[in-house]
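Visitor: need a 3D model of the following:
(one chain, ligands or ions: 1)
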Amino acid sequence: MTRNSETATDGGTENRIPDEMSLDELREEIQTIDREIVELIAQRTYVADTIAQVKDEQGLPTTDEKQEQQVMERAGENAEQFDVDANLVKAIFRLLIELNKVEQRENR
Ligand SMILES: C=C(O[C@@H]1C=C(C(=O)O)C=C[C@H]1O)C(=O)O
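Guide: Numbers count the residues shown, from 1 in each chain. As a prediction, the model looks like this:
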């Protein structure tokens, strides 16, 4: 994101361009975003755990490589849409998927 683009926010600095914000305000913005990222990771983990339970009930394996490929493909497309590095976003999703699978195996 360039310093002139609008920040997506629901904090106290909505619709202000970063150039008009002080260092403290920008750091508050980061703090809010970081919390939201963790909240979304928690939500994703919860849904993935639920999927793992359903798979267990249906006698299906935890890992679904086809599904993982689709998740990675979507991650790349979403990255391009928001003009962020697709490799970086894909690396983050690879990590999220692997963490889910480790946790799902431990819960079995
Ligand atoms: C969540 C699922 O289970 C596993 C975890 C995935 C993930 O975290 O995105 C994707 C595929 C599966 O290996 C699923 O099948 O959708």
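Visitor: what comes up buried for the top helix by length along the chain?
Guide: When the chain is parsed with DSSP state H, its longest helix is helix 23-57. In terms of neighbour count (16 or more other Cβ atoms under 10 Å), helix 23-57 has its buried residues at 28-29, 48, 51-52, 55. To be clear about C-beta, it is placed using only N, CA and C from the backbone, and glycine gets the same treatment.
Visitor: just checking, what packs against that helix?
Guide: Under the contact definition 3 or more Cβ pairs under 8 Å, 6 or more residues apart in numbering; DSSP states H and E, helix 23-57 sits against helix 86-106.
Visitor: so what does the helix it packs on touch, helix or strand wise?
Guide: Against helix 86-106 (3+ Cβ pairs under 8 Å, 6+ apart) you get helix 23-57, helix 65-81.
Visitor: tabulate those helices (TSV), appending distance to Glu103 and mean pLDDT.
Guide: Formatted as TSV, the helices and strands packed on helix 86-106 follow (distance: least, Cβ to Cβ, whole Å; pLDDT from 0 to 100):
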stretch	distance to Glu103	mean pLDDT
helix 23-57	7	96
helix 65-81	15	98
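Visitor: out of those, nearest to Ala91?
Guide: Ranking the helices and strands packed on helix 86-106 by their distance to Ala91 (criterion: Cβ to Cβ) puts helix 65-81 first, at 9.3 Å.
Visitor: ok, residues contacting that closest one?
Guide: With contact meaning Cβ atoms under 8 Å, 6 or more residues apart in numbering, helix 65-81 is reached by 85-86, 88-90, 92-94, 97.
Visitor: keep only these that also lie close to the ligand.
Guide: With Cβ under 6 Å from any ligand atom as the criterion, those include Ile97 near the ligand.
Visitor: name the nearest of the contacts of helix 65-81 relative to Asp64.
Guide: Nearest member of the contacts of helix 65-81 to Asp64, counting by Cβ to Cβ, is Ile97, at 10.1 Å.
Visitor: spatially nearest residue to the closest one (excluding sequence neighbours)?
Guide: Distances taken as Cβ to Cβ, 6 or more residues apart in numbering place Glu68 nearest to Ile97, at 5.7 Å, with adjacent residues excluded.
Visitor: the one you found and Ala75, how far apart?
Guide: Per Cβ to Cβ, to the nearest Å, Glu68 is found 10 Å from Ala75.
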